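[1] below are the sequence and a predicted model; questions follow.
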Amino acid sequence: MFESLRISQIGLQAQKAQLDAVAQNLANANTPGYKRIGVDFGALMAPSPAASNEDAPRPAAPWRIDLTTGELRATGNPLDLAVSGDGFIEVAAEGQRTVLWRGGRLQVLPDGTLATDSGHALRADIRVPEGARELAVLPDGTVVARLPGAEALSEIGRIELASITDPSALEYLGDGLFAVASDSRLLRGRPGELGLGHVIAGKLESANVKLVDETVNMMLAQRIYELNAKVAQAADEIMALTNGLRK
């Protein structure tokens, strides 16, 4: 009976995590560059370090991030950015973590710093001079603008890309941003090199979330959750009956 309760507990935990994943995917269905998450059920079933202690809590279900590229849709805005391959744009961050961004709408902060639409400065630390016009990003990551009094466009910075060697190390932070704890998991280079893809201006990458699939996953998780709850209830009733017979 204890084994039945343990299996039911794992099942309830797994389906709750699945429902949490579906909720996050649906909430970010319109977030540019968002990558859907799921639950790594195999890792959840793996023995925990405290497997010898049946009362020890099991670790939270690990997430699995789907890095499939979403649809690239044209916007006509030169400050909208998308990455055509597997690369990420690095964003400045405090502490030891590296923060990655799949693209979205750029903005110029009051001090001229080029930043994401949520206000996070790019790690490339690109400053737009006062009075600059015709700001644009080329496919190789070069950022150009027409400076006051200049006839031709001038290069004011360059955006590089980074790819992740272990997608399971990514953590979603919100606003289309992902964190990775160690730089050793990254491969850095210029757009167009090392299979990192190109930077495409005037387009946004849609989230790779399919509403129909998420709705089906939600219905399945709810149904399986109910079945696991019934298993736990049946095991509890049998244990109560067994205890009654002993008396």
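    Perfect, I can see it now.

[2] after the helix or strand of the chain with the lowest mean pLDDT comes which helix or strand?
    Within the chain, no helix or strand scores below helix 41-45, which has a mean of 67 by mean pLDDT, DSSP states H and E. Note on helix 41-45: by DSSP states H and E, the next helix or strand toward the C-terminus is strand 63-65.

[3] and the helix or strand following that next one, what does it pack onto?
    Using DSSP H and E, the helix or strand that follows strand 63-65 in sequence is strand 72-74. If you count contacts as 3 or more Cβ pairs under 8 Å, 6 or more residues apart in numbering; DSSP states H and E, strand 72-74 packs onto strand 203-205. C-beta coordinates here come from the backbone N, C-alpha and C atoms, glycine included.

[4] partner strands of the strand it packs on, parallel or antiparallel?
    strand 72-74 (antiparallel) (DSSP bridges).

[5] contacts for the strand it pairs with?
    Strand 72-74 is contacted by residues Ala82, Ser84, Ile200, Gly202, Lys203, Leu204, Glu205, Ser206 when judged by Cβ atoms under 8 Å, 6 or more residues apart in numbering.

[6] likewise for stretch 183-200?
    With Cβ under 8 Å, 6+ apart as the test, stretch 183-200 has contacts from 72, 81-87, 89-90, 98, 103, 137-141, 158-166, 169, 180.

[7] just the buried members of the residues you listed?
    81-84, 86-87, 89-90, 98, 103, 137-138, 141, 158-164, 169, 180 (16 or more other Cβ atoms under 10 Å).

[8] rewinding a little: let's see which of the contacts of stretch 183-200 end up in strands.
    72, 81-83, 89-90, 98, 137, 158, 161-164, 180 (DSSP state E).

[9] now stretch 103-121: buried residues?
    Neighbour-count burial for stretch 103-121, counted by 16+ other Cβ under 10 Å, picks out Gly103, Gly104, Leu106, Val108, Thr113, Leu114, Ala115, Thr116, His120, Ala121.

[10] can you tell me the closest non-neighbouring residue to the fourth one?
    The reference is to Val108. Nearest residue to Val108 in three dimensions, chain neighbours excluded: Val128, at 5.0 Å (Cβ to Cβ, 6 or more residues apart in numbering).

[11] quick one: contacts for the one you found?
    Taking Cβ under 8 Å, 6+ apart, we find Val128 in contact with Val108, Gly112, Thr113, Leu114, Leu135, Ala145, Ile156.

[12] can you tell me how far the first one is from Leu135?
    Applying Cβ to Cβ, to the nearest Å, one obtains 7 Å for the distance of Val108 from Leu135.

[13] go on, Val180?
    With distances taken as Cβ to Cβ, Val180 is found 29 Å from Leu135.

[14] now Ala82
    Ala82 is 17 Å from Leu135, where distance means Cβ to Cβ.

[15] can I get the buried residues of stretch 103-121 in a markdown table including distance to Val216 and secondary structure?
    Below are those laid out as a markdown table (distance: Cβ to Cβ, whole Å; DSSP: H, G, I helix; E, B strand; the rest coil):
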| residue | distance to Val216 | secondary structure |
| --- | --- | --- |
| Gly103 | 29 | coil |
| Gly104 | 28 | coil |
| Leu106 | 36 | coil |
| Val108 | 42 | strand |
| Thr113 | 43 | strand |
| Leu114 | 41 | strand |
| Ala115 | 38 | strand |
| Thr116 | 33 | coil |
| His120 | 34 | coil |
| Ala121 | 40 | strand |
